[in-house]
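*Asks:* Quick one: sequence and predicted model below, then my questions.
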Protein chains: 2
Amino acid sequence: MELGRPASVADRTVAVGTSFMLEVNASAILTNLRSVGRASVSSLAKQTGLSRQAVSRSLAVLTSMGLVEISAPDRAASPAGRPPQMVRFRSEAGHVLGVDVKARRVRVAVADLAAEIVAESTVPLDGSVAFAEWLRTVVLDVLDQAGIGPDDVWHVSVAAPGIIDPATGHVALSPGMPEIVGDGILLGIRSAVDAPVYLDNAIKLATIGERWRGAPHAEQSLVFVHWGERIGAGILIHGELYRGASNDAGDLGYLEIGLPDTPDGTDADLGPFERSVGTRELLRIAGSSAERPSSETLTLTELAAAVCSRQPWALSAVRTISSRFARGIAVLRSLLDPEVIVIGGDITELGQALLDSLDDALRFETLEQPQLEFSTLGADAIVQGGIHQSLRWVEQERFGVTAVREGSSAAGWPRTP
Amino acid sequence: MELGRPASVADRTVAVGTSFMLEVNASAILTNLRSVGRASVSSLAKQTGLSRQAVSRSLAVLTSMGLVEISAPDRAASPAGRPPQMVRFRSEAGHVLGVDVKARRVRVAVADLAAEIVAESTVPLDGSVAFAEWLRTVVLDVLDQAGIGPDDVWHVSVAAPGIIDPATGHVALSPGMPEIVGDGILLGIRSAVDAPVYLDNAIKLATIGERWRGAPHAEQSLVFVHWGERIGAGILIHGELYRGASNDAGDLGYLEIGLPDTPDGTDADLGPFERSVGTRELLRIAGSSAERPSSETLTLTELAAAVCSRQPWALSAVRTISSRFARGIAVLRSLLDPEVIVIGGDITELGQALLDSLDDALRFETLEQPQLEFSTLGADAIVQGGIHQSLRWVEQERFGVTAVREGSSAAGWPRTP
DNA sequence: TTAGTTCCGTACGATACGTATGTATGTTAC
DNA sequence: GTAACATACATACGTATCGTACGGAACTAA
């Protein structure tokens, strides 16, 4: 279930039989075709450096696997001469699911192999029925909506809040959703579809989503910070999610860097950094300002409105919290030096004023600072990250070249008897 | 020169011609043989899953390349039957250089392809002659001592202090060694041997060395902290060195986490963290202790002796600095969560007392803390890291399977006409 | 000396690749 | 409308690799 490649000595790829070459070439051709969508045989031959015959052979295999399709000749493709038959990647050959489980609702998206979302559904949680059983019906409903059967799903990625071991999919802790602790999600999904399931923390998958759809210019390193009452981060390094030794990397909330803190005993459920820069502290600072006209409990949306109308007391609170958060960014910068830091979570309600304020606070840092952005995907990032994660699995396990050892070819490729 | 693999779509490996299979298999066999040293043809066949003929064919190619050698039959290898001819990896077929340039001396080590050091030399710097020219003679001397010629060197890795761009090998800044700024090192090495040269910051290569020889149990993530007057770190993630967007990741010295600092203006050449926990501050704290008998300027060696004899004033200073450093470790932990943190640099003179003191300071952290170790390699780590880096280049570029495209096979493998 | 075991070498069929040649199907010029 | 041209497709042939099969070589043990 883990996507990392072991690459040990024993697992080194060995070519046993000439059919291995076909496998290698078909995989290369498929990759090429997927990147362009439609192409002629000749253009594929030119791209890969193979002869047209070799390309044709590979395409025959791919056609029999249902992955490509030969469509009508297209005279527009080459101005003179016989018009080439076009080859198309059958992105409808398989589908993947991205699932976002939250305390109040579950969101499921079905995407084809070109990452195009073909069906999507957000369903409020129904507490009257067992979670696994309920999840099963939600998934089956979306599949029905997409017009595909359970067998058409190749891989599922699920995001949920809490502490999750992605190797097993076991949910160890989920303060906001006790019903998912254990293997309830896994069981629910597996009862609906017969495909590998990847289950991970929501922030991790959101990070993948941001890298992929939100900030694709961050090739190598990206940090996604979820900034709300709680604060957590996902770290992408070398284009891969980095989890750390205890599956705990990016635990910004418990960062302790000498910032002002609440008195002992208050907000003990939060970490030091959360107590200092989380939205709860922000609302406390802004709400208790002497200049503020009202004295009712302040909400984030009200604060955002006040910031928007440039109320001094609101701007002042944002500046205070920004300067504290900037200290955290500076620490992140000196240790990790990421290309981009993407900020998501409730705090983004504050809009450009917050970004400006952060930039001001970081202006005095000596080191070159990373690019700072708000998430452009918002809540979508999680589902998108799941889809991307699943498609990466498909690429590696079903489209990738398999290590042929001791005659046991891996799944996906047909044996030529 | 960069070892990372681009793996773009266009560069995807394509099998053009059946000789590709031989290449794949020979590479796999070579890897296998390298891991065991000596093996019979049959055992290699069993290991790789290939037929004996295929193994023999590959071995013939490898023999013609000079990489393997068929030695006398060994009756001990199989108790009954005809004794097998043994195949040996010719680790003397090529050599790599690890070079450690420091302000006062240069250290050069020659290693064979089995990473065995065959010659080593540490030469004090000679300021009377141009640096590049001097480096050239040092390198040639060591090669002479190893009994090999310049053509037998396949790759060189050089470590130097300062800000270095490993992509170009250009030294941008080196406060302690102005003579190496620019391309002096590159020119000196290249005038001695005709091989690719990798030039990087010393801490980075030390990190690789620690991972490889010092703490090989840290498979995935390791942070090497150089702790002296200055403080810097190298970060290994996913088994790879992580540099960050500005080639600046792990810049611990400029970490600012609210620790006690010197008054403004003092030690302006150091960063905040260095001013707070570096050896200069340690000696200042210990030296100004009222309990200390002498009032002369304290050296680290004297302090280490005092710690060893359990002088209260020395232990107290170590405790103070440890608790500050532990704060930095905690930050590192919450952001990066590495498996192991290896500490090197002058501070290791203090020995076990420092480690104990750090453990005490970290005991109260809520999160599970990473394993804390002293470097077992010391100054050797840099040269060892260089050798490892070079051998990795050799593996990828000369032993690895090359993407065969448009008939242009990569270097190393013979064309079969 | 003989049986058993293991290794080495050659022969054969299968498969994939590239090159070469011929055929099919379009556009363009007259 | 027909000829010339350009491109794509299809078939045939030679090359190289692999695996399997079989016979000879070398050594041990009875």
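*Replies:* Received it, and whenever you're ready, just let me know what you need. Numbering: from 1, shown residues only, chains lettered A, B, ... in the order given.
*Asks:* Stretch A:386-395 close to chain B?
*Replies:* No: in terms of C-beta under 8 Å from any C-beta of the partner chain, no part of stretch A:386-395 sits within range of chain B; the closest distance is 11.5 Å. Every C-beta, even on glycine, is put in place using the N, C-alpha and C of the backbone.
*Asks:* Report all helices and strands that the helix or strand bottoming out on mean pLDDT in chain A contacts.
*Replies:* The helix or strand of chain A with the poorest confidence is strand A:68-73; it has a mean of 85 (mean pLDDT, DSSP states H and E). Here strand A:68-73 touches helix A:52-64, strand A:85-89, going by 3 or more C-beta pairs under 8 Å, 6 or more residues apart in numbering or on different chains; DSSP states H and E.
*Asks:* what's the closest of the ones you listed to B:G94?
*Replies:* Of all those, helix A:52-64 sits nearest to B:G94, with 34.7 Å by C-beta to C-beta.
*Asks:* remind me which residues of the stretch 51-200 of chain A are low pLDDT?
*Replies:* For the stretch 51-200 of chain A, the stretches with pLDDT under 70 are A:75, A:77-79.
*Asks:* residues from it in reach of DNA strand D?
*Replies:* Within reach of DNA strand D by C-beta under 7 Å from any atom of the strand, the stretch 51-200 of chain A has these residues: A:R52, A:Q53, A:S56, A:P73, A:A77, A:S78, A:A80, A:G81, A:R82, A:P83, A:P84, A:Q85.
*Asks:* so which pair among those is furthest apart in space?
*Replies:* Farthest pair in those (C-beta to C-beta) is A:Q53 and A:A80. Separation: 23.1 Å.
*Asks:* Neighbouring strands of the least confident helix or strand of chain A in the sheet, and parallel or not?
*Replies:* strand A:85-89 (antiparallel) (DSSP bridges).
*Asks:* Restricting to C-alpha, output the helix or strand following the partner strand in CSV.
*Replies:* Using DSSP states H and E, the helix or strand that follows strand A:85-89 in sequence is strand A:95-101. Extracted as CSV, the C-alpha positions of strand A:95-101 are listed here (Å, rounded to 0.1, in the frame of the first residue of the first chain):
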residue,chain,number,x,y,z
HIS,A,95,-11.4,5.1,-12.2
VAL,A,96,-10.1,6.2,-8.8
LEU,A,97,-11.9,7.5,-5.7
GLY,A,98,-10.9,10.4,-3.5
VAL,A,99,-12.8,10.5,-0.2
ASP,A,100,-12.7,13.3,2.4
VAL,A,101,-14.2,12.3,5.7
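*Asks:* returning to that earlier point: turn the helices and strands packed on strand A:68-73 into JSON lines, columns for mean neighbour count.
*Replies:* Output for these, formatted as JSON lines (neighbours: other C-beta atoms under 10 Å in any protein chain shown):
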{"stretch": "helix A:52-64", "mean neighbour count": "18"}
{"stretch": "strand A:85-89", "mean neighbour count": "19"}
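*Asks:* do you know which of these lies nearest A:V401?
*Replies:* Nearest of the helices and strands packed on strand A:68-73 to A:V401, taken as C-beta to C-beta: helix A:52-64 at 12.3 Å.
*Asks:* so the least confident helix or strand of chain A versus helix A:52-64, what angle?
*Replies:* Orientation check (axes from the mean of the first three to the mean of the last three C-alpha atoms, to 10 degrees): strand A:68-73 against helix A:52-64 gives 110 degrees.
*Asks:* Say whether DNA strand C is contacted by strand A:68-73.
*Replies:* Yes: against DNA strand C, strand A:68-73 shows contacts by C-beta under 7 Å from any atom of the strand at A:P73.
*Asks:* nearest to B:P338, of the helices and strands packed on strand A:68-73?
*Replies:* B:P338 sits nearest to strand A:85-89 of all those, at 40.8 Å, using C-beta to C-beta.
*Asks:* So A:A286 sits against A:L298, correct?
*Replies:* Yes: A:A286 is within contact range of A:L298, at 5.8 Å (criterion: C-beta atoms under 8 Å).
*Asks:* Tell me which residue of chain A lies closest to chain B.
*Replies:* When scored by C-beta to the nearest C-beta, chain A has A:G258 as its residue closest to chain B, at 1.7 Å.
*Asks:* What's the per-residue pLDDT of that residue here?
*Replies:* Per-residue pLDDT puts A:G258 at 89.
*Asks:* before we move on, back to that, any common contacting residues for A:A286 and A:L298?
*Replies:* Each of A:R292 lies in contact with both A:A286 and A:L298 under the rule C-beta atoms under 8 Å, 6 or more residues apart in numbering or on different chains.
*Asks:* So between the two, which is more surrounded?
*Replies:* Between A:A286 and A:L298, counted using other C-beta atoms under 10 Å in any protein chain shown, the more crowded position is A:A286 (24 against 21).
*Asks:* all helices in chain A, in order from the N-terminus.
*Replies:* Using DSSP state H, the helices of chain A run over A:19-36, A:41-48, A:52-64, A:131-146, A:184-192, A:202-209, A:272-277, A:279-287, A:300-308, A:312-336, A:352-362, A:380-394.
*Asks:* how about the longest one, does it get close to chain B?
*Replies:* Meaning helix A:312-336. Yes: for helix A:312-336, a contact with chain B is found by C-beta under 8 Å from any C-beta, at A:R327, A:A330, A:V331, A:L332, A:S334, A:L335, A:L336.
*Asks:* and the spatially closest residue to A:M21 that is not a sequence neighbour, how many neighbours?
*Replies:* The shortest distance from A:M21 to any non-neighbouring residue, by C-beta to C-beta, 6 or more residues apart in numbering or on different chains, is to B:A15 (4.1 Å). Other residues within reach of B:A15, judged by other C-beta under 10 Å, total 27.
*Asks:* now swap in A:D194 and tell me
*Replies:* Neighbour tally, A:D194, other C-beta under 10 Å: 9.
*Asks:* Likewise for A:A317?
*Replies:* Residues lying near A:A317 (other C-beta under 10 Å) number 26.
*Asks:* How about it, nearest residue that isn't a chain neighbour?
*Replies:* A:A317's closest residue in space is A:A286 (C-beta to C-beta, 6+ apart), at 3.6 Å.
*Asks:* Would you mind listing the residues in contact with that neighbour?
*Replies:* With C-beta under 8 Å, 6+ apart, A:A286 has these contacts: A:R292, A:L298, A:L303, A:A306, A:W313, A:A314, A:A317, A:V318.
*Asks:* how about a cut-off of 6 Å?
*Replies:* For A:A286, the contacting residues are A:L298, A:L303, A:A314, A:A317, by C-beta atoms under 6 Å, 6 or more residues apart in numbering or on different chains.
*Asks:* Which residue, other than its chain neighbours, is closest to A:G98?
*Replies:* Closest to A:G98 by C-beta to C-beta, 6+ apart is A:G386, at 3.1 Å.
*Asks:* about what we covered before: how much space between the residue nearest to A:M21 and B:E339?
*Replies:* 38 Å (C-beta to C-beta, to the nearest Å).
*Asks:* cool, and A:W393?
*Replies:* Note on A:W393: its distance to B:E339, by C-beta to C-beta, is 25 Å.
*Asks:* All good on my end, thank you.
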